[in-house]
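K.L.:
I'll drop the sequence and a predicted model, then ask my questions.
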Protein chains: 2
Amino acid sequence: MARQNTVFKEAYNRYAAALRTDTALPSEPEIAAQLGVSRSTARAILTRLSEEGIIRWNKRQKTVLRQPTDRDLFPSEETDSLHDIIERSFMQRILADDAAPGMQINELELAREIGTGTTSVREFLIRFSRFGLIEKRPNSHWTLKGFTREFALELADVREMFELHSAAEFGRLPKDNQAWADLAAIRDDHLAMLGDINQRFRDFSVLDERFHLLIHRASKNRFIADFYDAIAIVFHYHYQWNKTAARERNERAIHEHLDYIAALESGDQAAIENACRVHLHSARQTLLQSLPQTVSDNA
Amino acid sequence: MARQNTVFKEAYNRYAAALRTDTALPSEPEIAAQLGVSRSTARAILTRLSEEGIIRWNKRQKTVLRQPTDRDLFPSEETDSLHDIIERSFMQRILADDAAPGMQINELELAREIGTGTTSVREFLIRFSRFGLIEKRPNSHWTLKGFTREFALELADVREMFELHSAAEFGRLPKDNQAWADLAAIRDDHLAMLGDINQRFRDFSVLDERFHLLIHRASKNRFIADFYDAIAIVFHYHYQWNKTAARERNERAIHEHLDYIAALESGDQAAIENACRVHLHSARQTLLQSLPQTVSDNA
DNA sequence: AAAATGTTTATTGTAGATAAAAAACAAAAT
DNA sequence: ATTTTGTTTTTTATCTACAATAAACATTTT
């Protein structure tokens, strides 16, 4: 097999799920644009829908004959991109208890375990290496550097520098910038979540990511944006993993966010810097506490 | 061909060049360690040296029979690693005049031009993408973002944040740390260069890299270290390219470095921050001036 | 004429194969 | 007992091939 047609299958599922009986479908280029794929793929989707008797297709005439059922869709295992499969599998592996820092990573073994070729694993590792969790010695193996205390501190330091910069830039945005409206919307979402915190505290991580992403976008700096990818990945997998005291932790973070938002809206640079520092300090503590504890960690 | 034996050839050249007639050579593991290769490769080198009649080799007895000549060595085209070849070729391409931002990058075309397989080019592009000069749309082509004004400004902003941080850390190093001795040595090298500036101004870029690398190492932060790789690459290829007013520019930078070094040695954090800012401000100007000027650039 | 469809071509993503290089294992020499 | 050499195994780096996808070109329809 040279390549799985996951793009086709995933887009097919998305499009089929949105079909309504008796409606007429738009032109091929329009469908392609809606789905974010090429027209070739859009045509492949139409072809299959037609073959399955879901639509009648004759040139410009495209009518939905029946609502597709779950059995018409591809199973979810077949729609995940190889990159996502490798990422999930790899992250699970390095977050597992027996993954000690210093461990060697074997490309061929990983590939066999995931059921894929070595090329894809290699490319994944190269891409992943910029997050600072693995390292390669040329002509030799990759080494797992791991979620260590050093990693967390280095990450937190850079995050602090970048976010202080971005927050200051945010404070300088002209008042008619879209970002201010987005910020107000996020503030309302915070308040709504706070009102029902016992039920909804688990959804905080999504809100957290949205909030910090909005701030970082103000910096318009590709290096800051890229670094935020690393943070997002770490937090995404880490939050799934460490759930102790999540309610208290998240409630406190919401309050800090609200203070931070108020400072941004005030436009007072000193207040912004202060609120940003307060929040990042406690975010740092949260990250450190979530690390696998070793005997020597008594800070 | 699966793989070129450039590691072997390059190490062979290095080892052969250092041989002296009638000396006895050390053990295989020691040779391997000296050259930074595996024992397998070290043995391959000994085998060839023996076949060429350059040494007599019998188990532990290894005697140099004759001095190798230039004709014994592999030509330099055969000793460059594929990665370096691709990097050079690619950088030349994107620094060329006709490389406009927004241009598409074609993997197959690049591979053919360099005379290599597509996999190597792909892997290079993935690695290179972290420098922010190219970007990929999934399932589609890479796009050259290019050495634009935005790139230079974003790079300079992050550099400033990182170096201010590193310089402050440097100032806090205990006085018995090796870094202080290294700094003193670099200061002397600056003074020596200044004494013969008309002859030696072209060597400044090497000194510049050494100086900033020393400072960044004080931060002990992998993200800062990685970012400095990006800066080093950009400056390496950029300095080769823009040579206008190099003497004046470099002389001024040397003076700024000396002030900066003095501030570090004083241990006064305010003085350090100030000297660092002054130098980075002029480094930013230098970088901006070296950009290909377009009509709209009138800042 | 502009937009849609039909058809062909170019390019990317991934698997599999293989030589180079590293690493592991075994035997011999100090 | 430790180091060195001899031999075998494992792993990486790279090429080639090919299906999926995108993109380009040609024809038809409005």
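P.N.:
That came through fine.

K.L.:
in chain A, which helix has the most residues?
P.N.:
helix A:149-171 (DSSP state H).

K.L.:
dump the residue contacts of residue A:171.
P.N.:
A:264, A:267, A:268, A:269, A:272 (CB atoms under 8 Å, 6 or more residues apart in numbering or on different chains). To be clear about C-beta, it is placed using only N, CA and C from the backbone, and glycine gets the same treatment.

K.L.:
Which two among the residues you listed are spaced furthest apart?
P.N.:
For the contacts of residue A:171, the farthest-apart pair by CB to CB is A:264 and A:269; their separation is 10.2 Å.

K.L.:
The two: who's more crowded?
P.N.:
Remark: of residue A:264 and residue A:269, residue A:264 carries more neighbours, 25 against 13, as counted by other CB atoms under 10 Å in any protein chain shown.

K.L.:
what about the more buried one, which helix or strand?
P.N.:
Here residue A:264 sits within helix A:246-266, counting by DSSP states H and E.

K.L.:
list the helices and strands that helix packs on?
P.N.:
Using 3 or more CB pairs under 8 Å, 6 or more residues apart in numbering or on different chains; DSSP states H and E, the elements in contact with helix A:246-266 are helix A:149-171, helix A:178-195, helix A:197-200, helix A:204-217, helix A:269-289.

K.L.:
ok, and for the third one, which residues are buried?
P.N.:
Within helix A:197-200, not a single residue qualifies as buried, counting by 16 or more other CB atoms under 10 Å in any protein chain shown.

K.L.:
repeat for the last one
P.N.:
By neighbour count, with 16+ other CB under 10 Å as the criterion, the buried positions of helix A:269-289 are A:271, A:272, A:275, A:276, A:279, A:280, A:283, A:284, A:286, A:287.

K.L.:
who touches that helix?
P.N.:
Residues outside helix A:269-289 that contact it (CB under 8 Å, 6+ apart) are A:149, A:152-153, A:155-156, A:159-160, A:163-164, A:167-168, A:170-171, A:238, A:249, A:252-253, A:256-257, A:259-260, A:262-264, A:266, A:299.

K.L.:
Narrow those to those that are buried.
P.N.:
Using 16+ other CB under 10 Å, the buried members of the contacts of helix A:269-289 are A:149, A:152-153, A:155-156, A:159-160, A:163-164, A:167-168, A:170-171, A:238, A:249, A:253, A:256-257, A:259-260, A:263-264.

K.L.:
Around the residue lying closest to residue A:120 once chain neighbours are set aside, count how many other residues there are.
P.N.:
Sequence neighbours aside, residue A:82 is the residue nearest to residue A:120 in space, at 5.5 Å (criterion: CB to CB, 6 or more residues apart in numbering or on different chains). Counted with other CB under 10 Å, residues neighbouring residue A:82 total 17.

K.L.:
got the contact list for residue A:82?
P.N.:
A:4, A:6, A:116, A:120.

K.L.:
same thing with residue A:153?
P.N.:
A:284, A:288.

K.L.:
pLDDT value on the residue nearest to residue A:204 when sequence neighbours are not counted, please?
P.N.:
Of all residues not flanking residue A:204 in the chain, residue A:250 sits nearest, at 4.0 Å (CB to CB, 6+ apart). pLDDT for residue A:250: 89.

K.L.:
Residue A:250 - how many residues pack around it?
P.N.:
For residue A:250, the neighbour count with other CB under 10 Å is 23.

K.L.:
Residue A:45 and residue A:11, how far apart?
P.N.:
From residue A:45 across to residue A:11, the span is 6 Å (CB to CB, to the nearest Å).

K.L.:
Now residue A:37: closest residue in space that isn't a chain neighbour?
P.N.:
Closest residue in space to residue A:37, ignoring its immediate chain neighbours: residue A:11 at 5.1 Å, by CB to CB, 6+ apart.

K.L.:
The one you found and chain B, how far apart?
P.N.:
According to CB to the nearest CB, to the nearest Å, residue A:11 and chain B sit 11 Å apart.

K.L.:
Isn't that residue up against residue A:48?
P.N.:
No - using CB atoms under 8 Å, residue A:11 is not in contact with residue A:48; the gap is 10.7 Å.

K.L.:
tell me, how many neighbours does the residue in chain A positioned nearest to DNA strand C end up with?
P.N.:
Here chain A gets closest to DNA strand C at one residue, residue A:117, 2.6 Å apart by CB to the nearest atom of the strand. Counted with other CB under 10 Å, the neighbours of residue A:117 add up to 14.

K.L.:
so who does it touch?
P.N.:
Applying CB under 8 Å, 6+ apart to residue A:117 gives the contacts residue A:111.
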